[in-house]
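S.K.: A predicted structure for the sequence below; I have some questions about it.
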Amino acid sequence: MKFKKLLAALLAVMMVASMAACGSDAASSTTAASAEAPAAEATEAPAAEAAEAPAEAAGSAAEAATEAPAEEETPKADSIECDPLTIDFSTVYNETETGGQIIKHFEEYISNLTGGAITMNIFWGGTLFSDPEALDGVNSGAVNMTALGHMPHLATLNYLAFPGFAPGGSQAALDYFDTLMFKDPETSALIQQEAADNGIIYLNVLAGGANAFCTTYEFTDLDSMISGSKSFGNMDAAIFEKLGFQVTSVGPGDCYDALQRGLIDSTQMGLAPMVSMGWEEVASYWALDGTYTAGNMFTANLDWWNSLTDAQRQAIQQACDEVEEYSAGIYDDSIASDCATIEEKTGNKMVEFSDADIERIWAATFDAKADAAMATAEANGKGEGMTKILEKAAEITGYDWKH
């Protein structure tokens, strides 16, 4: 990613100039030390100012990202010498979950990269901070880093409220987020400045898997699924009402019981949590909806990040880039495994939607999410910036957004 390449190149130059020893603090995956914040969907940031500001040695990643062009990708270092550093890292994931495996990969990679100089103190399973508490936990400095989920924090991080998934697969979803948050000069400046204003910096973005529909009745395509449903259970009515469903407000934790009791006959959510909660036991018919999630970002406290040596930041960023790439592959494997589990337990093949059906689903998703994002942004004086972000999001996904 151009942003990451730029930051790595800048840090390398500063290392040569200062002969600084390395110190490190690693945390969670991927793309790019832009001055951003928690992995979520956010809201804000004056693009022009952030894009024009010169990068300073201890300056924000957003500033560094908008500096000199780096045409050639900086190769990964085989090893980086660092002063000892322990990163306090909070996550809601458990070690055995896919997200937990990604964090473990980060921990192992950065330890090997720095010869054991950088270690991690990981607080697993939300034992320290829940999802809604994660932003306060990292921007207060209570922890150095977190894998920030954006959804609970959109009231603060308005510019992350663009649609949090994209069509085309796990890598396409990563590329979509990377462009908006790190590569595109205008949108990344907005998003990263908003993060900096909230005391955080985004270092990467992680894949998150596929989204899926499940029903208690047989269907063959989107139209037959909609016409066959009498009560679609979901908390996000705007999307599914646009598609023509009759929506009943049901939270994820209540869907299993509601499907089993016939209170709802269909629903949609992320595939991995649906399977982990055993919904295939009470819903026999399934289809991937054609959209893939991303957006849990390795997010660091900005003051802490700026206090690190050049070498420490270089090591952490390289490990973040590594796990971003790793996340797409591990989630593709997870999607295949979950689909096989569904087909084995239900005895039914996953329905494959046509390209036209997937386009309809994406149109309803984009319009509903864009409407909500604009309402929040305009209420906070960020409407112009949010419009720019949504226009770029539509362009990346090939959607003709009418606004």
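M.R.: Now that the structure is in, tell me what you want to look at.
S.K.: can we go C-alpha only for contacts and neighbour counts from here?
M.R.: OK.
S.K.: gap between the longest helix along the chain and the chain center?
M.R.: Criterion DSSP state H: the longest helix present in the chain is helix 310-346. Relative to its parent chain, helix 310-346 has a centroid offset of 12 Å by Cα atoms, centre = their mean, to the nearest Å.
S.K.: Run through the neighbouring helices and strands of it.
M.R.: Here helix 310-346 touches helix 2-18, helix 98-113, helix 170-178, strand 206-215, helix 271-276, strand 285-301, going by 3 or more Cα pairs under 8 Å, 6 or more residues apart in numbering; DSSP states H and E.
S.K.: From what I see, Phe129 and Gly137 are in contact.
M.R.: Yes: the criterion here is Cα atoms under 8 Å, and Phe129 meets it with Gly137 at 6.6 Å.
S.K.: Please name the nearest non-neighbouring residue to Met277.
M.R.: Among residues not flanking Met277 along the chain, Tyr256 sits closest, at 7.7 Å (Cα to Cα, 6 or more residues apart in numbering).
S.K.: Please identify the helix or strand for the one you found.
M.R.: If you go by DSSP states H and E, Tyr256 is part of helix 252-261.
S.K.: And for Met374?
M.R.: helix 355-379.
S.K.: swap in Ala196?
M.R.: When the helices and strands are read off by DSSP H and E, the one containing Ala196 is helix 185-197.
S.K.: Let me know the angle separating that helix from strand 285-301.
M.R.: 60 degrees (axes from the mean of the first three to the mean of the last three Cα atoms, to 10 degrees).
S.K.: Tell me the helices and strands packed up against helix 185-197.
M.R.: Judged by 3+ Cα pairs under 8 Å, 6+ apart, helix 185-197 is in contact with strand 42-43, helix 47-52, helix 61-65, strand 158-159, strand 200-202, helix 383-397.
S.K.: before we move on, back to that, and the helix holding Tyr256, what's its mean pLDDT?
M.R.: Per-residue pLDDT over helix 252-261 has a mean of 96.
S.K.: Retrieve the pLDDT associated with Asn94.
M.R.: 93.
S.K.: Throw the helices and strands packed on helix 310-346 into TSV and include mean neighbour count, mean pLDDT and distance to Lys76, thanks.
M.R.: Listed next are those as TSV, based on neighbours: other Cα atoms under 10 Å; pLDDT from 0 to 100; distance: least, Cα to Cα, whole Å:
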stretch	mean neighbour count	mean pLDDT	distance to Lys76
helix 2-18	20	38	9
helix 98-113	21	96	10
helix 170-178	25	95	19
strand 206-215	26	96	19
helix 271-276	18	95	32
strand 285-301	27	96	19
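S.K.: Format those as JSON lines; extra columns: distance to Tyr399.
M.R.: Listed next are those as JSON lines, based on distance: least, Cα to Cα, whole Å:
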{"stretch": "helix 2-18", "distance to Tyr399": "24"}
{"stretch": "helix 98-113", "distance to Tyr399": "30"}
{"stretch": "helix 170-178", "distance to Tyr399": "13"}
{"stretch": "strand 206-215", "distance to Tyr399": "19"}
{"stretch": "helix 271-276", "distance to Tyr399": "24"}
{"stretch": "strand 285-301", "distance to Tyr399": "13"}
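S.K.: which one of these lies closest to Glu391?
M.R.: helix 170-178 (12.5 Å; Cα to Cα).
S.K.: in what helix or strand does the nearest residue to Ala372 once chain neighbours are set aside lie?
M.R.: Leaving out its chain neighbours, the residue that sits closest to Ala372 by Cα to Cα, 6+ apart is Ala161, at 7.9 Å. Ala161 belongs to no helix or strand when elements are defined using DSSP H and E.
S.K.: wouldn't Ala161 be in contact with Pro152 here?
M.R.: No: between Ala161 and Pro152 there is no contact, the gap being 10.4 Å when judged by Cα under 8 Å.
S.K.: okay, the two: which has more neighbours?
M.R.: Ala161 (28 against 17; other Cα atoms under 10 Å).
S.K.: Show the pLDDT at that one.
M.R.: For Ala161, pLDDT reads 96.
S.K.: Over to Val138?
M.R.: pLDDT, Val138: 98.
S.K.: and what of the one 3 residues further on?
M.R.: You'll see Gly141 listed with a pLDDT of 97.
S.K.: quick one: contacts for it?
M.R.: Contacts for Gly141 (Cα atoms under 8 Å, 6 or more residues apart in numbering) come out as 301, 304.
S.K.: Distance check, it against Trp305.
M.R.: 11 Å (Cα to Cα, to the nearest Å).
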